[in-house]
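Asks: Coordinates for the following, if possible.
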Amino acid sequence: MAFLEIPNIKISGLSATVPSQVVRNDDLKDFESEEIDLLKQTTGIHTRRLATKSQSAADLCYEAADRLLHQQQWNRNEIEILIFVSQTPSQKVPGDATQLQTRLGLSNNCLVLDINQGCSGYVYGLSVISSMMSASSLTKGLLLVGDTITKTLDKEDKSTVPIFSDAGSATTLEYTINAAPLYFNLESDGSKYKAIFQAKNGTLSMKGHDVFYFGASEVPQNINSLLERFKTDINDIDYFVFHQANLLLNEAIRRKLKIAKEQVPYSLQEFGNTSCATTPITLVNNLSKQLKTKQHRYILSGFGVGLSCGSVIVNIADIVCLDIIEV
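Replies: Numbers count the residues shown, from 1 in each chain. Alright, predicted model coming up:
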């Protein structure tokens, strides 16, 4: 396990973008009505969002970032670092980060970086950008996290099609002396990488049982170790925002941690599993009021592709949080 304590960085803004195309699991072809009912009951997913052929993960993140920066009235020349996290880039070479830098009107002196990461991507991306900002006193940063994962699915695969959705997000961060530290616990098990795996033909396959076992066993342990390492009582955490894998798995994690249902928000029903974007989607969709007002303490936890797992304790208060953007 890799424990990180990162001082002097605060989250100051959040936004999330989803495609306007809505598909309902009630309308799935080749599914009996009993199968659909069981699917909705176990996954918690009723509707999903599908990107068009011309929409990329970078496009969705651009919309989230452009509107957030406009709302915050940030001077874009002052942004010193941009990190783009995705496992569905527009092309293999070059990465999307440099193009996003130009599209958003950022300075050529801005450090940009692409990270290939899936379900734990928001937490991992947050650890990288906050570490770099803290170490070098970079004043303003922009974390973009998103996927158009549905473009990688085999349309006949009943185990993946009803689950995955597309989304993008933007998070603004600032270097602020005496900001409450961010506490991370990051881990991975590459021996199980084929549990969620993209074949040479480009289609994504998933071994649901292996993913379930990893999440149900590793995530509670990861969070408990995080709390123990940084001497934090679980009762001092206001909200737990888990990667929106599926309802059955997430509820197993919640019960193991013995936390109340009202502390664990879900965006699954409306937006499905949006890969690395599920954490910001859930924050924006379910906790916007809390984020905009007094300080609350959160544990954000992502887990899946890799297989990897990462959790962070973060204090958030009085930020700019936009309503969900549809494009």
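Asks: Where do the strands of the stretch 51-200 of the chain begin and end?
Replies: When assigned using DSSP state E, counting those that start in this stretch, the strands of the stretch 51-200 of the chain occupy the ranges 81-85, 111-115, 140-148, 166-175, 182-188, 196-198.
Asks: Mind putting those into TSV with mean neighbour count and distance to S127?
Replies: (Glycine included, C-beta is placed from N, CA and C.) Rendered in TSV, the data for the strands of the stretch 51-200 of the chain read as follows (neighbours: other CB atoms under 10 Å; distance: least, CB to CB, whole Å):
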stretch	mean neighbour count	distance to S127
strand 81-85	25	10
strand 111-115	18	10
strand 140-148	29	10
strand 166-175	27	12
strand 182-188	22	5
strand 196-198	17	21
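Asks: Can you check which of these gets nearest to D233?
Replies: strand 182-188 (13.2 Å; CB to CB).
Asks: and that closest one, what's its mean pLDDT?
Replies: Strand 182-188 shows a mean pLDDT of 97 in the predicted model.
Asks: Contacts for that strand, please.
Replies: Counting by CB atoms under 8 Å, 6 or more residues apart in numbering, strand 182-188 makes contact with 1-6, 9, 120, 123-124, 126-127, 130, 218, 222-223, 225-226, 229-230, 232, 306-314, all of which sit outside it.
Asks: Am I right that L248 sits in a helix?
Replies: Yes: the assignment for L248 (DSSP: H, G, I helix; E, B strand; the rest coil) places it in a helix.
Asks: give the contact list for the nearest residue to it once chain neighbours are set aside.
Replies: The shortest distance from L248 to any non-neighbouring residue, by CB to CB, 6 or more residues apart in numbering, is to T42 (4.7 Å). Neighbour list for T42: N246, L247, L248 [criterion: CB under 8 Å, 6+ apart].
Asks: So which of the residues you listed wins on neighbours?
Replies: Neighbour tally across these (other CB atoms under 10 Å): the maximum, 22 neighbours, falls on N246.
Asks: what's the spacing between that residue and Q101?
Replies: Taking CB to CB, to the nearest Å as the measure, N246 and Q101 are separated by 35 Å.
Asks: repeat for S56
Replies: Between S56 and Q101 the computed distance is 15 Å (CB to CB).
Asks: neighbour count winner among these two?
Replies: Each of S56 and Q101 had its neighbours counted (other CB under 10 Å), and the higher figure belongs to S56 (23 against 20).
Asks: Just give the number of residues close to the nearest residue to the more buried one once chain neighbours are set aside.
Replies: Spatial nearest neighbour of S56, chain neighbours left out: S90 (4.6 Å); criterion: CB to CB, 6+ apart. Neighbourhood size, S90 [other CB under 10 Å]: 15.
Asks: Spit out the contact partners of S90.
Replies: S90 sits next to S56, A57, A58, D96, Q99 when contact means CB under 8 Å, 6+ apart.
Asks: Those in helices, which ones?
Replies: Among the contacts of S90, the ones falling in helices (DSSP state H) are A57, A58, Q99.
Asks: Which one of those residues is nearest to K261?
Replies: Taking CB to CB as the measure, K261 lies nearest A57 of these, at 31.5 Å.
Asks: count of residues packed around that closest one?
Replies: Burial measure for A57: 29 neighbouring residues, criterion other CB under 10 Å.
Asks: Would you check how far apart it and G306 are?
Replies: Computed as CB to CB, the A57 to G306 distance reads 18 Å.
Asks: Next: P265.
Replies: 24 Å.
Asks: Could you check which of the two has the larger neighbour count?
Replies: Neighbour totals were compared for P265 and G306, and G306 leads with 22 against 18 (other CB under 10 Å).
Asks: The more buried one: what's it in contact with?
Replies: G306 is in contact with Q117, G118, C119, S120, S188, D189, G190, Y193, I196, counting by CB under 8 Å, 6+ apart.
Asks: so which of the residues you listed comes closest to L153?
Replies: Using CB to CB, those come closest to L153 at I196, 11.9 Å.
Asks: correct me, but that closest one touches L307?
Replies: Yes: the criterion here is CB atoms under 8 Å, and I196 meets it with L307 at 7.4 Å.
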